[in-house]
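Student: Generate a structure from the sequence data that follows.
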Amino acid sequence: MRQTWRWFGPVDKVTIRDARQAGVEGIVSALHHVPYGEVWTDAEIARRQREVAYDSFGDPTLLAWEVIESLPISEEIKTQTGPWREHIANYIQSLENLAKAGLQVICYNFMPVLDWTRTDLAWRVPHGGTTMRFELVDFIAYDLFILRRGGAAEEYPDELRAEAQSRFANMPAERRLQLSRNVNAGLPGAAGQPSLDDLKVQLARYGAIDEERLRGHLIDFLTEVVPHAERLGLRLCCHPDDPPFPLLGLPRIMSTEAHYVAVLGAVESPASGITFCTGSLGAREDNDLPGMVERLGSRIHFAHLRNVKRETRGIPCSFHEDEHLSGDTNMVAIVAALLREEERRRAVGRSDSIIPYRPDHGQDILNDLERGAQPGYPAIGRLKGLAELRGVAAALADRV
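Tutor: Predicted coordinates for the structure are as follows:
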């Protein structure tokens with residue numbers, strides 16, 4: 001397993017030098033400044049490679065940009081509206097340019113509107129650090145009384161609606177504003193300010209798109225793109241929904257093993273695979289994560305290892321980002337399953353026998369609390385998680 005680290009570019013308050021000191025072997029990054037649907041040019045790709053290879057002092061970092069996260073898919077492609085065919089052509093050209101630059105692993109997602117959703121970005125945990133959290137009642141209060149989405153009330157049980165109404169009635173104005181900011185932080189390009197009108201416009205685009213139709217749009221996209229990825233020697237890997245259940249009336253199509261089986265089976269190719277995110281998939285109590293690695297492991301091209309603690313039963317549920325070896329996911333069993341998958345690949349001579357992974361998210365601890373890094377991406381919290389995962393992998397390596 002190859003240790004990687006997500007870096008958001010020069011604006012990231014966790015530097016490449018920090019990543020180097022954490023002991024990682026490669027960098028995960030993207031061209032976040034390029035608008036969705038536009039081509040990633042040779043020049044922009046080369047610039048990001050230089051930014052990874054040399055630190056702000058001009059010294060070599062001995063690290064390289066190894067995994068793309070993400071090459072985003074526009075809402076036009078997801079809804080098949082507007083210039084969606086032009087955007088697919090641009091996506092294919094971006095793949096061509098990335099292949100020329102020597103990059104091979106490309107993570108993407110097909111989540112409508114919101115890339116991820118949390119109600120708290122800095123929820124205090126007992127040891128004094130902070131973490132990200134999804135609290136279901138707060139989210140329902142946001143949906144019903146802040147966003148005021150049409151038809152939302154019919155989607156929730158009576159007892160949850162009543163609890164959300166009471167919660168909102170007693171919610172200070174500052175918390176209402178913060179809740180709105182937190183939920184909207186998952187909007188592509190969000191800068192932390194509420195954008196309710198924009199969100200409503202985006203939601204309206206999906207009014208006639210159910211789960212079956214959205215899955216069809218993903219399959220249409222892969223049908224056009226995957227042959228090019230296979231020709232170029234690239235490995236596309238789809239990230240699961242986060243959280244892995246419907247929100248705001250939007251369909252979810254990559255939340256369960258059955259979802260992945262349906263999509264991967266529709267476009268059979270080694271170039272089409274999975275970003276195995278244990279945190280996203282682990283927020284559903286019906287997902288058997290070690291079993292998924294055993295059954296779908298040949299299509300796992302990239303892994304995000306993080307843990308969540310489910311606070312309520314059922315689907316949907318409340319949960320928070322836990323420490324990497326805590327929470328509801330058996331991380332030791334998952335690492336063992338990934339190591340077994342690597343052994344299977346070596347036995348058949350696969351060139352991609354080593355699976356890149358990164359310590360996904362992390363709790364803000366120690367001076368992370370003053371650094372103000374990207375939510376979920378602190379320096380020390382991720383270093384702690386990486387050290388734990390590295391230790392588990394080392395302990396298991398001789399036993400696989």
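
Student: Only alpha carbons, please: show the lowest-mean-pLDDT helix or strand in the chain as CSV.
Tutor: Of all the helices and strands that make up the chain, the one with the lowest confidence by mean pLDDT, DSSP states H and E is helix 196-204; it has a mean of 90. What follows is helix 196-204 as a C-alpha-only set of coordinates in CSV (Å, rounded to 0.1, in the frame of the first residue of the first chain):
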residue,chain,number,x,y,z
LEU,A,196,-29.4,29.4,-0.8
ASP,A,197,-30.7,30.8,-4.1
ASP,A,198,-27.9,29.1,-6.0
LEU,A,199,-28.6,25.8,-4.2
LYS,A,200,-32.3,26.0,-5.0
VAL,A,201,-31.5,26.6,-8.7
GLN,A,202,-29.2,23.6,-8.7
LEU,A,203,-31.8,21.4,-6.9
ALA,A,204,-34.4,22.3,-9.5
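
Student: Going by neighbour count, list what's buried in that helix.
Tutor: Judged by neighbour count using 16 or more other Cβ atoms under 10 Å, the buried positions of helix 196-204 are L199, Q202, L203. The way it works is simple: take the backbone N, C-alpha and C, and place the C-beta from them, glycine included.

Student: now do stretch 124-131
Tutor: So, applying 16+ other Cβ under 10 Å, buried residues of stretch 124-131: V125, G129, T130, T131.

Student: Just the CA atoms of the longest helix seen in the chain, as PDB, please.
Tutor: Counting residues, the longest helix in the chain under DSSP state H turns out to be helix 211-232. Below are the C-alpha coordinates for helix 211-232, written out as PDB (Å, rounded to 0.1, in the frame of the first residue of the first chain):
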ATOM      1  CA  GLU A 211     -32.000   7.200  -9.200                       C
ATOM      2  CA  GLU A 212     -32.400   5.100 -12.300                       C
ATOM      3  CA  ARG A 213     -32.000   8.100 -14.700                       C
ATOM      4  CA  LEU A 214     -29.000   9.500 -12.800                       C
ATOM      5  CA  ARG A 215     -27.300   6.000 -13.000                       C
ATOM      6  CA  GLY A 216     -28.100   6.000 -16.700                       C
ATOM      7  CA  HIS A 217     -26.300   9.300 -17.100                       C
ATOM      8  CA  LEU A 218     -23.300   8.000 -15.300                       C
ATOM      9  CA  ILE A 219     -23.200   4.900 -17.500                       C
ATOM     10  CA  ASP A 220     -23.500   7.100 -20.600                       C
ATOM     11  CA  PHE A 221     -20.600   9.100 -19.400                       C
ATOM     12  CA  LEU A 222     -18.400   6.100 -18.700                       C
ATOM     13  CA  THR A 223     -19.400   4.500 -22.000                       C
ATOM     14  CA  GLU A 224     -17.900   7.500 -23.800                       C
ATOM     15  CA  VAL A 225     -14.900   8.100 -21.500                       C
ATOM     16  CA  VAL A 226     -13.700   4.700 -20.400                       C
ATOM     17  CA  PRO A 227     -12.400   3.400 -23.800                       C
ATOM     18  CA  HIS A 228     -10.100   6.500 -23.900                       C
ATOM     19  CA  ALA A 229      -8.900   5.900 -20.400                       C
ATOM     20  CA  GLU A 230      -8.200   2.300 -21.200                       C
ATOM     21  CA  ARG A 231      -6.300   3.300 -24.400                       C
ATOM     22  CA  LEU A 232      -4.200   5.700 -22.400                       C
END
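
Student: Next, the angle helix 211-232 makes with the helix or strand just after it.
Tutor: Elements were assigned by DSSP states H and E; along the chain past helix 211-232, the next helix or strand is strand 235-239. Using axes from the mean of the first three to the mean of the last three Cα atoms, to 10 degrees, one finds that strand 235-239 and helix 211-232 are set 160 degrees apart in direction.

Student: Strand 235-239 pairs with which strands?
Tutor: Applying DSSP bridges to the sheet, strand 235-239 is found paired with strand 105-109 (parallel), strand 272-277 (parallel).

Student: helices or strands up against the helix or strand harbouring K78?
Tutor: Under the assignment given by DSSP H and E, the secondary-structure element containing K78 is helix 75-79. Contacts defined by 3 or more Cβ pairs under 8 Å, 6 or more residues apart in numbering; DSSP states H and E place helix 75-79 against helix 84-100, helix 211-232.
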